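Novice: Predicted coordinates and the sequence they were generated for:
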Amino acid sequence: MIPRKSYLNLLAKFQDKPVIKVLSGLRRSGKSTLLKLMMERLKRDGVSSSNVLYIDKESLEFDAIRTYRDLQRFVTSRWKSVEGWKYLFVDEIQEIESWEKAIASLSGQRLADIYISGSNAHLLASDLATLLSGRYVEIPVLSLTFKEFVQFRSAKGAEASIEENFSLFLKYGGLPGIHEFELADDVVFQYLYSIFNTILYKDIVTRHKIRDTAMLDRIVRFAFDNCGSVTSAQRISEYMKSQRLRVTTDTVLNYLGYLTSAFLLRRARRYDIKGKRHLEVNDKYYLGDVGLRHGFIGYRDADIAGLLENVVYLELLHRGYSVSIGKLQTKEVDFIAERGNEKLYIQVCYLLSDARVEAREFSTLQAIDDNHPKFVLSMDRDWGEGREGIRRAYLPAFLLTPESVSDFGRGAP
């Protein structure tokens, strides 16, 4: 198992603190591995195996734990004669009915330090928030960043140029499991397709009792085809009508909600820079992992602009930014990223191929009247100088920079 140090270090900061550690994210994004690595760390630190309890709801060994009562009985029975401070790990906890009642009870008794994971965005439902009264911390687990992708490749003994690695990253995405295979289309896409099907049918169709799976399939395909484009339920509904298919706007909204809850999609809201408010229409949807898209509909070089935007969006989330789509009158800013007192404006472009494209990408940022850092990221290897304080950067190099904004765009690696 290859450690993802940023997540492990964050878990360590909350170890033995009176908060439940909640890992949420896409299936196969590495949550289970993080729990196991945390358990290994505890045992290396001298914690007895009998004081560490791991429940994996994807294993038949724990199939009998189906409700919160089962969970409570199992934990208290297993630890009945065990003394000392204990550690409880429950993987894919959403498979246990009303699990939050047992977790709230165990937390209230201070019986153990508790770590849980789940593959649903509604894991922290209002009931849990009420029961725990702020005694939890959520740690979103994303698929691998480009920097982590390169580290995983190196750990497997595969050395390549930044261009070669980035090409593979765009095609196969960042789910850690792909590094167990040869990075070839016939192998990786089959693996990714099986994960996509599991998410679609187990986390969406079965959970939400969807009958019209054909329409769900079409909506997923539309959203995947239009990643990084302005998308609305009304637009999707109208497109379906043009294909002689009937679906209401409300149904599309529900399906989009289910897809975001399962982390297949991530919704980015639009922000009016001049009016200083979020808008209620014309959001964008990004992929939870670009590889899952290609496992489902295949990889197309022509889609690179949207894929690049998607990669930058996920990178910003990984670095702890909240991310919006900017609107400035008739112009659009690809990303407004905010973290504490920091704010970044970012434009993403495939290539600054001529003066017209360059003027378009820079003019939007030039129209923003504040002093926050502004960047134009592209695949131009020789990017030249910036303009009016706006920095240009080679996009893969940006992904490999440290997290300090002062280091962004300071030359190629």
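Specialist: In hand now; what should we look at? Residues are numbered from 1 along each chain as shown.

Novice: Flag the shaky bits of the stretch 101-250 of the chain, pLDDT-wise.
Specialist: Across the stretch 101-250 of the chain, residues meeting the criterion (pLDDT under 70) sit at 124-133.

Novice: centre of the chain versus stretch 342-353, how much separation?
Specialist: Distance of stretch 342-353 from its chain centroid, counting by Cα atoms, centre = their mean, to the nearest Å, is 21 Å.

Novice: Show me which residues of that stretch are buried.
Specialist: Within stretch 342-353, the residues that count as buried by 16 or more other Cβ atoms under 10 Å are 343-350, 352. Every residue, glycine included, has its C-beta placed from N, CA and C.

Novice: same check, this time on stretch 305-319
Specialist: Quick answer for stretch 305-319 (16+ other Cβ under 10 Å): 306-319.

Novice: a markdown table for the residues you listed, including pLDDT?
Specialist: Compiled in a markdown table, the buried residues of stretch 305-319 are given as follows (pLDDT from 0 to 100):
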| residue | pLDDT |
| --- | --- |
| 306 | 94 |
| 307 | 96 |
| 308 | 97 |
| 309 | 96 |
| 310 | 97 |
| 311 | 98 |
| 312 | 97 |
| 313 | 97 |
| 314 | 97 |
| 315 | 97 |
| 316 | 97 |
| 317 | 96 |
| 318 | 95 |
| 319 | 94 |
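
Novice: so which of those comes closest to residue 371?
Specialist: residue 316 (19.8 Å; Cβ to Cβ).

Novice: ok so, going back, now, which of the buried residues of stretch 305-319 sits nearest residue 98?
Specialist: Of all the buried residues of stretch 305-319, residue 98 sits closest to residue 317, with 30.0 Å by Cβ to Cβ.

Novice: OK, contacts around that closest one?
Specialist: 140, 142, 266, 323 (Cβ atoms under 8 Å, 6 or more residues apart in numbering).

Novice: ok but the second one is inside a helix, no?
Specialist: No. Under DSSP: H, G, I helix; E, B strand; the rest coil, residue 142 falls outside any helix and is assigned coil.

Novice: my guess is it meets residue 31, correct?
Specialist: No. Counting by Cβ atoms under 8 Å, residue 142 does not reach residue 31; the two are 10.5 Å apart.

Novice: which neighbours do these two share?
Specialist: With Cβ under 8 Å, 6+ apart as the test, residue 142 and residue 31 both reach residue 25.

Novice: For burial, what's the neighbour tally of residue 12?
Specialist: When neighbours are counted by other Cβ atoms under 10 Å, residue 12 registers 12.

Novice: That one: what's its closest spatial neighbour, skipping adjacent residues?
Specialist: residue 41 (7.4 Å; Cβ to Cβ, 6 or more residues apart in numbering).

Novice: So of the buried residues of stretch 342-353, which two are at opposite extremes in space?
Specialist: 343 and 350 (25.0 Å).

Novice: If we only consider the contacts of residue 317, which is nearest to residue 182?
Specialist: Distances from residue 182 to the contacts of residue 317, taken by Cβ to Cβ, are shortest for residue 142, at 24.4 Å.

Novice: residues touching residue 114, list them.
Specialist: By Cβ under 8 Å, 6+ apart, residue 114 lies in contact with 20-21, 87-88, 90, 103, 106-107.

Novice: With residue 309 instead?
Specialist: Here residue 309 is in contact with 227-228, 286, 334, 348 (Cβ under 8 Å, 6+ apart).

Novice: go on, residue 144?
Specialist: Applying Cβ under 8 Å, 6+ apart, we find residue 144 in contact with 4, 30, 152, 174-176.

Novice: What lies in contact with stretch 355-365?
Specialist: With Cβ under 8 Å, 6+ apart, stretch 355-365 has contacts from 328, 331-333, 345, 347, 349, 351-352, 374, 376, 378, 387-388, 390.

Novice: taking those one by one, which sit in strands?
Specialist: With DSSP state E as the criterion, strands contain 328, 331-333, 345, 347, 374, 376, 378 from among the contacts of stretch 355-365.

Novice: So which residue is smack in the middle of the chain?
Specialist: In the chain, the centroid-proximal residue (Cα atoms, centre = their mean) is residue 142; its distance is 3.7 Å.
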